[in-house]
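*Asks:* Below are the sequence and a predicted model; questions follow.
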Amino acid sequence: MMSLHTAHRTSLVDQVIDQLTEAIAGGSWQVGTKIPTETVLAGQLGVGRNTVREAVRALTHAGLLECRQGDGTYIRSRSELSGVLVRSLRHAKHMEIFEVRRALEIEAARLAALHRTHADIALLDVTLAERERAWHSDDVSMFVELDLAFHDAVVQATHNRMMIEIYTGFSSELRSSIKTAGRHMRAPLISHDGIARAIAAADAAAAEHAARTCMEDIRAALIRADGSRRGKRP
């Protein structure tokens with residue numbers, strides 16, 4: 001349960017914005033969950049409902065919150081940076097998203113090899129094994145989630161807060177990109193073992209090379225997917 005304290009009577013809206021932003025960024029509220037009503041928040045913060053409404057409106061405009069008519073207000077992203085990314089990605093093409101993803105993931109693999117911990121290595125091993133099981137079970141949705149979990153674990157292993165934040169902003173659109181590629185990949189499964197091994201061995205050059213190879217295989221799958229869609233057009 002998030003702990004809020006009564007706001008002072010100066011710059012109330014800004015103080016409420018700061019507290020809500022801190023709660024979102026700190027994980028007290030998870031992305032996709034509904035926040036308390038204006039009445040509840042006003043009581044917790046010791047301010048009027050209008051003050052809460054203005055703060056929520058500002059955070060909605062910044063992309064952190066999403067107001068759903070007749071339902072409530074939900075967490076949309078963890079920061080303004082993620083909010084901007086979410087809005088931009090909605091209008092981006094698959095290959096545009098992939099090109100940015102490629103740059104991020106190659107560098108992430110290199111940095112992960114330099115900064116990973118034993119806990120990071122263990123998480124990579126677990127997600128790698130689960131990803132492979134999902135592939136062989138032909139469960140596309142599960143595979144997408146576990147493939148993204150592996151790549152996210154690589155990014156987390158960089159311990160670079162800015163890179164983690166940017167990658168988090170990509171997550172929703174990456175699901176669509178991975179799902180598209182997954183439908184058109186040829187067996188066998190594109191292996192991510194080389195990435196995990198190089199990171200575990202603290203070999204930055206090998207990790208970068210393995211990630212680059214992986215991204216090129218995914219790029220080929222996206223091109224095949226694009227060709228298949230075009231071929232279906234009348």
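*Replies:* Okay, I see it.

*Asks:* Now do the closest residue to residue 76 other than its chain neighbours, the pLDDT please.
*Replies:* Take residue 76 and drop its neighbours on the chain: the residue closest to it by CB to CB, 6 or more residues apart in numbering is residue 66, 4.2 Å away. Where C-beta positions appear, they are placed from N, C-alpha and C, glycine not excepted. pLDDT, residue 66: 84.

*Asks:* any idea how far residue 59 is from residue 66?
*Replies:* Residue 66 is 10 Å from residue 59, where distance means CB to CB, to the nearest Å.

*Asks:* Looking at the two, which one has more neighbours?
*Replies:* residue 59 (24 against 18; other CB atoms under 10 Å).

*Asks:* so where's the chain shaky on pLDDT?
*Replies:* The model of the chain has pLDDT under 70 over residues 1-10, 78-94, 169, 172-188, 225-234.

*Asks:* quick one: the helices in it?
*Replies:* For the chain, the helices defined by DSSP state H occupy 12-25, 38-45, 49-61, 80-89, 94-115, 118-136, 140-156, 161-184, 193-200, 204-231.

*Asks:* and the third one, what other elements does it pack with?
*Replies:* Taking 3 or more CB pairs under 8 Å, 6 or more residues apart in numbering; DSSP states H and E as contact, the helices and strands that helix 49-61 lies on are helix 12-25, helix 38-45, strand 65-68.

*Asks:* Switch those over to TSV; also include distance to residue 210.
*Replies:* Below are those laid out as TSV (distance: least, CB to CB, whole Å):
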stretch	distance to residue 210
helix 12-25	32
helix 38-45	47
strand 65-68	37
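
*Asks:* how about those, which one is nearest residue 31?
*Replies:* helix 12-25 (8.3 Å; CB to CB).

*Asks:* Using CSV, list the CA coordinates for that closest one.
*Replies:* Only the C-alpha atoms of helix 12-25 are listed here, as CSV (Å, rounded to 0.1, in the frame of the first residue of the first chain):
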residue,chain,number,x,y,z
LEU,A,12,-0.3,22.1,-3.8
VAL,A,13,-0.8,20.9,-7.3
ASP,A,14,3.0,20.6,-7.9
GLN,A,15,3.4,18.7,-4.6
VAL,A,16,0.6,16.3,-5.5
ILE,A,17,2.2,15.8,-9.0
ASP,A,18,5.6,15.1,-7.3
GLN,A,19,4.1,12.6,-4.9
LEU,A,20,2.1,10.7,-7.6
THR,A,21,5.1,10.7,-9.9
GLU,A,22,7.3,9.3,-7.2
ALA,A,23,4.8,6.6,-6.4
ILE,A,24,4.6,5.6,-10.1
ALA,A,25,8.3,5.7,-10.8
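
*Asks:* Can you give me the neighbour number for residue 146?
*Replies:* 22.

*Asks:* meant to ask about residue 220, not that
*Replies:* 15.

*Asks:* Outline the domain layout of the chain.
*Replies:* Domains of the chain are assigned by automatic domain parsing as 12-78, 82-231.

*Asks:* ok, the nearest residue to residue 120 once chain neighbours are set aside to residue 26 distance?
*Replies:* In this structure, residue 120 finds its nearest non-sequential neighbour in residue 157, 3.9 Å apart by CB to CB, 6+ apart. Taking CB to CB as the measure, residue 157 falls 21 Å from residue 26.

*Asks:* And those two? Which one has more around it.
*Replies:* Using other CB under 10 Å, the more surrounded residue of residue 157 and residue 26 is residue 157, with 25 against 10.

*Asks:* need the contact list for that one.
*Replies:* Counting by CB atoms under 8 Å, 6 or more residues apart in numbering, residue 157 touches 108, 111-112, 115-117, 120, 123-124, 199.
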